[in-house]
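Enquirer: Show me how the following folds:
(3 chains, ligands or ions: 2)
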Amino acid sequence: NIQNKKAEATQYPLQVVEIPADELDPAVWGKNFPSQYDSFMQTATNYGPTPYGGSEPYSKLEKYPAMKRLWAGYAFSVDHNEERGHQYALQDQLETERIVVKEQPAACANCHAADAPRLIEQMGWEEFNHTPYNDIKSELHTGTSCADCHDPETMELRITRQAFVEAMAKQGVDVTTASRQEMRSYVCSQCHVEYYFAGENKVLTFPWEKGMNIDDIDAYYQENGFIDWVHKETGGGMIKAQHPETELFSTGLHAASGVACADCHMPYIREGSVKTSDHWLRSPLVNINGSCQTCHNYSEAELKARVDTIQARTAELLRQSEAALLDTIDAIVAAKDAGASEEELAEIYALHRSAQLRWDFISSENSTGFHSPQEAARVLADSIDMARQAQIAAIMLLNEKNSQEQAVAPQQLVNNPD
Amino acid sequence: NIQNKKAEATQYPLQVVEIPADELDPAVWGKNFPSQYDSFMQTATNYGPTPYGGSEPYSKLEKYPAMKRLWAGYAFSVDHNEERGHQYALQDQLETERIVVKEQPAACANCHAADAPRLIEQMGWEEFNHTPYNDIKSELHTGTSCADCHDPETMELRITRQAFVEAMAKQGVDVTTASRQEMRSYVCSQCHVEYYFAGENKVLTFPWEKGMNIDDIDAYYQENGFIDWVHKETGGGMIKAQHPETELFSTGLHAASGVACADCHMPYIREGSVKTSDHWLRSPLVNINGSCQTCHNYSEAELKARVDTIQARTAELLRQSEAALLDTIDAIVAAKDAGASEEELAEIYALHRSAQLRWDFISSENSTGFHSPQEAARVLADSIDMARQAQIAAIMLLNEKNSQEQAVAPQQLVNNPD
Amino acid sequence: MANDSRSPARSRYWLAGVAVTFGVLIGLSAFTFVYAEGFSYFSNDPNSCMNCHIMRDQFEGWNHSTHKAVATCNDCHTPHGNDVEKYLVKGINGFNHSLKFTLGNFTEPIQITELNARVAHNNCVECHQTAVSQISHLDVEEPLSCVRCHGNVGHGNTAHGP
Ligand SMILES: [Ca+2]
Ligand SMILES: [Ca+2]
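Expert: Ligands and ions are numbered 1, 2, ... in the order given. Model prediction:
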């Protein structure tokens, strides 16, 4: 009734406890903000799979077998699952085979442990990043915490991750001057981004110096010559993309319209008569009503159908791109077996790397194209074109090799005609 | 001033003259509806080019030289321009080289002359379509007329083109039951569609039986084995797509949201206190305020930027698709020269045909992707993939031929090693 | 990211402009103001806004909006606060619209001015204090524009979001 409602309203914000500056435990913060705490804890719930996303952590390698071969020789080919709620951020990292088959740096902890900022303060930025992950494991206790996004005194959003601050600075953006609406995305962009470990000290770095779209990112990597691993079958240098939500989203219409990550992934919910931000970070497809319908005046079914169409087109192109990349690998291997040299293969390696980076950019982006539908299709078209061109170049090289052979030993051919 | 404005609001609509059922002359209709008449007459005005459209009838063959070769052996390779206002509908058809280099059927007149319905009534549907265009030329006097879209008695929108009625019927849609909002698109879909001339009688037909997207259309043509012409260089059968605005639009979000052609191409304009539909059918980019801002509450500059982004991505992919198709033609020609037979080339021809049909579907669609941005990119990705696969198959075939040759005369090779 | 141009955040020292506006407007639109019942600005009956056909679209929009039953034009478009501010705004709008209407020199679709966008926003917050009490507490400096998400509330006329 009215009285209670008015009461609720005036009560807030009521500070039950004073939150220490270094407090990481959500339960403590929750004493002051029970509703946000409750919804945040929901990120431990498995609400099941959506057509392409959701919180069921199935093996992507089993669902998309092509990945195993495309990543041959890299840790991802051993273990890679659909991601799930924030409550598992630390646990899933500690349990992945990827930290077993390869010695990983502490840099990994930047986005998976709320303890990272504290450790960085103690150890220093570079020192922290290159320390072996296994050596600091015991120091990691909390996955994601309120402290990652909020200032304990004012509860205002804040940036806590150095790699993001530096990457934005390189683009000429001072994050301390961000508007409230920008912060509703920036807090996410500290982690939901493509990254690499730069140099000896494995410093966590976002490749944004030339811009955020994939062509800029590819140009950046080409310039500094970075590669993640050498492909086991082809022997070519390769680059892996990871969760570039921020980058793909930045090329889309929602971003252009000033819509923020939190608008869809943390829509307002009612607690009694009071609105709060839903801290159950998850797929909007399980809450279309809250996430979409306030802005889009269409039925849930209609909105779901729109996402389905966009994602189905993207998924179809992803499969085509994988097929083209597998053909490319076959062709390169054949050329190598026929005696093609590394020099002769150099350009083909480069094409294959650019093609697969583009496929990975859309494949590892977690919205299956929704965050920027046309751009996702454009990037996959480029990936397919580059992969096929690499395949053609490799086939040409193979023929050259064969005819040289034949030139040397024409007999063979005459002896076994088809 | 206020007095007049209050008055105006009540005056309308006032019938000055009675319009004969068979009246085609817009000037006569204009006596009753001066404002619609005036704006319709504006379609004679050249408002200049937009980045990819507009009313400047430049030669597309000169702007995109690849077209000449892709259409080699077909009339379009001789003369094809950017289209312009409705006032030129008949004139441009009478003046195009395409009716000179090839004898065309009267079927052409279906969409370029308001006289067509009358002639069809006199001659009969099939008879009209296959009569040589030059024989009925003299009967064509008016390009587009009010009568094409309006019932002279009620001024209600009406369908006047048989090919559209039949195509919709085949899809199970009875156009006579269309809602007003549907009619605001249907009147356009009588002409702004992909078409072909079926059978001996060259009956104007829209290939929609399996559906309106390009995959359905390609499947339809494959089933009935229709081809427009034989490519001069490759000897393969080809299909040309023309202005599939209706088809591409139907796959987009505006269509899904119930937006009609007229909403953007005939926005309401205020004449004093009366709102009328702007009959100056043209590019919305020269009237973003009227065409877009009613629904999109953003600045003109912002809306223009959105269209630019969508069209630039589409244009980039169109150029890539053209490059892939030219490579395909080179490869096929090489294989032919090396002695490949029609049987051996059959599948490669089919791939090339499907690839080029998809490029043409987006290239000849006049919104440069805007009517359905993601679908346009998806279709071009398929085009590129198919073209490259055809190229690869042709290269393989070429090698086969060469090595057979070598098998027969290995000497040659030994004599001239590279 | 493009920020909402209508964001009430960037509020103006509009009071300064008021004086000027008055000076210019009084003479010019006195006639219209009277004839077109510009005083309807001082009435709370939506139909009074309809004295101008120009307002028909928004009236229709409001007529189909969720707020038809709960809020009239002036509940949103004039300050609830003290009377001085209230009548200042009404005055400005009355004269401005009368002037524009007379000269016909306005572009359609009509777009809300920053002043009136802020007035409307404040009225949302005022009526919905309870609902927005939590999300507003970080709000003092920089409120989130309500219509960015609730674009259909006042007028069911936006095809989609903001
Ligand atoms: Ca997931
Ligand atoms: Ca044109």
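Enquirer: Spatially nearest residue to A:Ile159, not counting backbone neighbours?
Expert: Using C-beta to C-beta, 6 or more residues apart in numbering or on different chains and skipping residues adjacent in sequence, the residue nearest A:Ile159 is A:Val175, 5.2 Å away. Just so you know, the C-beta spots here come from the backbone N, C-alpha and C atoms, and that holds for glycine as well.
Enquirer: OK, contacts around the one you found?
Expert: A:Ile159, A:Phe164, A:Val165, A:Met168, A:Ala169, A:Tyr186 (C-beta atoms under 8 Å, 6 or more residues apart in numbering or on different chains).
Enquirer: cutoff 7 Å now
Expert: A:Val175 makes contacts with A:Ile159, A:Val165, A:Met168, A:Tyr186, as judged by C-beta atoms under 7 Å, 6 or more residues apart in numbering or on different chains.
Enquirer: Between which two of the residues you listed is the distance greatest?
Expert: A:Val165 and A:Tyr186 (9.9 Å; C-beta to C-beta).
Enquirer: okay, and the common contacts of these two?
Expert: With C-beta under 7 Å, 6+ apart, A:Val165 and A:Tyr186 have common neighbours A:Ile159, A:Val175.
Enquirer: These two: who's more crowded?
Expert: Remark: of A:Val165 and A:Tyr186, A:Tyr186 carries more neighbours, 25 against 17, as counted by other C-beta atoms under 10 Å in any protein chain shown.
Enquirer: Including pLDDT, distance to A:Leu317 and secondary structure, could the contacts of A:Val175 go into CSV?
Expert: Shown next, in CSV, are the contacts of A:Val175 (pLDDT from 0 to 100; distance: C-beta to C-beta, whole Å; DSSP: H, G, I helix; E, B strand; the rest coil):
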residue, pLDDT, distance to A:Leu317, secondary structure
A:Ile159, 98, 35, coil
A:Val165, 98, 35, helix
A:Met168, 97, 31, helix
A:Tyr186, 98, 30, helix
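Enquirer: Neighbours of A:Tyr268, how many?
Expert: A:Tyr268: 20 neighbours (other C-beta under 10 Å).
Enquirer: so how far is chain B from it?
Expert: 21 Å (C-beta to the nearest C-beta, to the nearest Å).
Enquirer: Which residue ranges of the stretch 51-200 of chain A form helices?
Expert: With helices called from DSSP state H, counting those that start in this stretch, the stretch 51-200 of chain A shows them at A:60-63, A:66-70, A:89-95, A:116-123, A:125-130, A:133-136, A:146-149, A:162-170, A:180-189.
Enquirer: Direction-wise, compare the longest one with helix A:162-170 and give the angle.
Expert: Counting by axes from the mean of the first three to the mean of the last three C-alpha atoms, to 10 degrees, helix A:180-189 points 130 degrees away from the direction of helix A:162-170.
Enquirer: Show which residues not belonging to helix A:180-189 make contact with it.
Expert: Residues from elsewhere that reach helix A:180-189, judged by C-beta under 7 Å, 6+ apart: A:149, A:157, A:159, A:164, A:175, A:178, A:246, A:258, A:260-263, C:1, C:3, C:142, C:144.
Enquirer: Could you give me the ChimeraX syntax to select whichever of the residues you listed are buried?
Expert: If you want just the buried ones from the contacts of helix A:180-189 in ChimeraX, going by 16 or more other C-beta atoms under 10 Å in any protein chain shown, the selection is:
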select /A:149,157,159,164,175,178,246,258,260,261,262,263 /C:1,144
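Enquirer: Show me which of the contacts of helix A:180-189 is closest to chain B.
Expert: A:Gly258 (9.9 Å; C-beta to the nearest C-beta).
Enquirer: about what we covered before: which one of the contacts of helix A:180-189 is nearest to ligand 2?
Expert: Closest approach between the contacts of helix A:180-189 and ligand 2, by C-beta to the ion: A:Gly258, at 32.9 Å.
Enquirer: just checking, the closest one is part of a helix?
Expert: No - assigned with DSSP: H, G, I helix; E, B strand; the rest coil, A:Gly258 falls outside any helix and is coil.
Enquirer: pLDDT score assigned to it?
Expert: We have a pLDDT of 94 for A:Gly258.
Enquirer: With C:Gly94 instead?
Expert: We have a pLDDT of 83 for C:Gly94.
Enquirer: distance of it from C:Glu60?
Expert: Relative to C:Glu60, C:Gly94 is positioned 22 Å away (C-beta to C-beta, to the nearest Å).
Enquirer: tell me, how many neighbours does A:Gln391 end up with?
Expert: For A:Gln391, the neighbour count with other C-beta under 10 Å is 27.
Enquirer: thinking it is in contact with A:Ala331, fair?
Expert: Yes - using C-beta atoms under 7 Å, A:Gln391 is in contact with A:Ala331, at 4.5 Å.
Enquirer: Output the below-cut-off pLDDT ranges for chain C.
Expert: C:1-43, C:137-141, C:156-162 (pLDDT under 70).
Enquirer: What values do phi and psi take at A:Met238?
Expert: In this entry, A:Met238 is assigned phi and psi values of phi -130, psi 160 (degrees, to the nearest 10).
Enquirer: Would you mind measuring from it to A:Phe206?
Expert: Using C-beta to C-beta, one obtains 19 Å as the distance from A:Met238 to A:Phe206.
Enquirer: Which residue of those two possesses the greater neighbour count?
Expert: Between A:Met238 and A:Phe206, A:Phe206 has the larger neighbour count (other C-beta under 10 Å), namely 25 against 22.
Enquirer: quick one: the more buried one and A:Gln162, what's the gap?
Expert: Taking C-beta to C-beta, one finds A:Phe206 at 11 Å from A:Gln162.
Enquirer: cool, A:Gln389 as well?
Expert: Going from A:Gln389 to A:Gln162 by C-beta to C-beta gives 39 Å.
Enquirer: Give me the more crowded residue out of these two.
Expert: For A:Gln389 versus A:Gln162, the count of surrounding residues by other C-beta under 10 Å is larger for A:Gln389: 23 against 18.
Enquirer: My guess is that one contacts A:Leu351. True?
Expert: Yes - at 5.9 Å, A:Gln389 counts as touching A:Leu351 under the criterion of C-beta under 7 Å.
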